[in-house]
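Asks: Structure for the following, please:
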Amino acid sequence: MGEQGTSKRANATKRPTKAPSKAASKTAKPAEKAAAKTTKAAAKTTKAAARAAKAESRLGMVRRARKINRELAEVFPYAHPELDFRNPFELLVATVLSAQTTDLRVNQTTPALFAAYPTPEDLAAAVPEEVEELIRPTGFFRAKTKSIMGLAAALRDDFGGEVPGRLDDLVKLPGVGRKTAFVVLGNAFGVPGITVDTHFMRLARRWKWTESDDPVKIEAEIAEIFPKSEWTMLSHRVIFHGRRICHARKPACGACPIAPLCPAYGEGETDPEKARKLLKYEKGGFPGQRLNPPPDYPGRPAAPAPGVAPGAE
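Replies: Below is the predicted model of the structure:
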């Protein structure tokens, strides 16, 4: 029994593994081909990014930067400021409120604010505690109340209740820096300007357009790369790309339309399927940040503040 049992076990061990069926083999081949194709595409993109990451001449960087801008213009032809506004005063106030919060939160807050105080004169004469309560959702509401009431008073007293269309005048207003001023100039007055917010700064460094972390220096360096006529739309495109695809913590590299031009390719998720799940706003099939977006915006409008019916303000 011992020897016979041992022999049977040995024979069983020697039996060859059964080959997969033809049907299973056919099913596996398309999947293998798809995986190989994806790997090949990723490798190609990685090589292209590696070439871009090599030391390049000033002229080479400028050409690459301008090509990125042209590509982004095709990806985001509808790029726009993501704050709801109907006039320069509303844009100015909304931009000041947008510090340290999302544009969506500002857009959900300003309808009630502007319904109560539609002009600089109205806001300047408001009761601070009442303004604080209205803008509380945007955070830092006491400091922001002081800023927007201060700028409203300055507009009333120094500019006849009108928002000035000059950089030097705007930056003198409480709570208004160069970034805010260029948002207002570019989108309310048609005066070209580069808006260096956190998204713009991050992408400009990733793309090797600059090595600086100072907004004013970055603004000056980018201004030398692009013609003045492109400054405002360039800002919108870069910010759109930063919010939707090239995120701070986990860029969606595998779904990025300009990956071959990016020296930082590979910092984020490179698998195309996984990367697509990281896309935000209309690129991910979600609502945008504006309650009242431009007519050509392909995504869905954002919802008003919880408990506020659409059009109630």
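
Asks: where in the stretch 201-313 of the chain is pLDDT low?
Replies: Applying pLDDT under 70 to the stretch 201-313 of the chain flags residues 309-313.

Asks: change it to 80
Replies: Along the stretch 201-313 of the chain, the model assigns pLDDT under 80 to residues 307-313.

Asks: ditto for the stretch 51-200 of the chain
Replies: Using pLDDT under 80, the stretch 51-200 of the chain drops low at 51-54.

Asks: for it, what spans make up the helices?
Replies: For the stretch 51-200 of the chain, the helices defined by DSSP state H, counting those that start in this stretch occupy 58-75, 88-97, 103-116, 120-124, 128-135, 141-158, 167-170, 178-188, 198-206.

Asks: dump the residue contacts of the residue lying closest to Asp271 once chain neighbours are set aside.
Replies: Closest residue in space to Asp271, ignoring its immediate chain neighbours: Gly254 at 5.2 Å, by Cβ to Cβ, 6 or more residues apart in numbering. All C-beta spots, glycine's among them, are computed from the backbone N, C-alpha and C. Contacts for Gly254 (Cβ atoms under 8 Å, 6 or more residues apart in numbering) come out as Ala42, Gly268, Glu269, Thr270, Asp271, Pro272, Glu273, Lys274, Ala275, Arg276.

Asks: Restricted to helices, list these.
Replies: Here DSSP state H is the test, and the contacts of Gly254 give Ala42, Pro272, Glu273, Lys274, Ala275, Arg276 as lying in helices.

Asks: What is the neighbour count of the second one?
Replies: Number of residues near Pro272 (other Cβ atoms under 10 Å) recorded here: 15.

Asks: how close does it get to Tyr281?
Replies: Distance of Pro272 to Tyr281, given as Cβ to Cβ, to the nearest Å: 19 Å.

Asks: these two touch, right, Glu82 and Leu291?
Replies: No - Glu82 lies out of contact with Leu291 (Cβ atoms under 8 Å); the separation is 10.6 Å.

Asks: Overlap in contacts, these two.
Replies: Asn107.

Asks: Which one of the ones in helices among the contacts of Gly254 sits in the busiest neighbourhood?
Replies: Counting by other Cβ under 10 Å, top hit in the ones in helices among the contacts of Gly254: Ala275 with 20 neighbours.

Asks: hang on, that one packs against Lys250?
Replies: No - between Ala275 and Lys250 there is no contact under Cβ under 8 Å: 9.2 Å.

Asks: Quickly find the element holding the residue nearest the centre of the chain.
Replies: By Cα atoms, centre = their mean, the chain has its centre lying nearest to Arg243, at 1.9 Å. Using DSSP states H and E, Arg243 sits in helix 231-244.

Asks: That helix versus helix 58-75: what angle between them?
Replies: Interaxial angle of helix 231-244 relative to helix 58-75 (axes from the mean of the first three to the mean of the last three Cα atoms, to 10 degrees): 70 degrees.

Asks: Run through who's touching helix 231-244.
Replies: 69, 72-73, 75-76, 79-82, 182, 186-187, 192-195, 197, 199-200, 202-204, 222-223, 226, 248, 258, 279-284.
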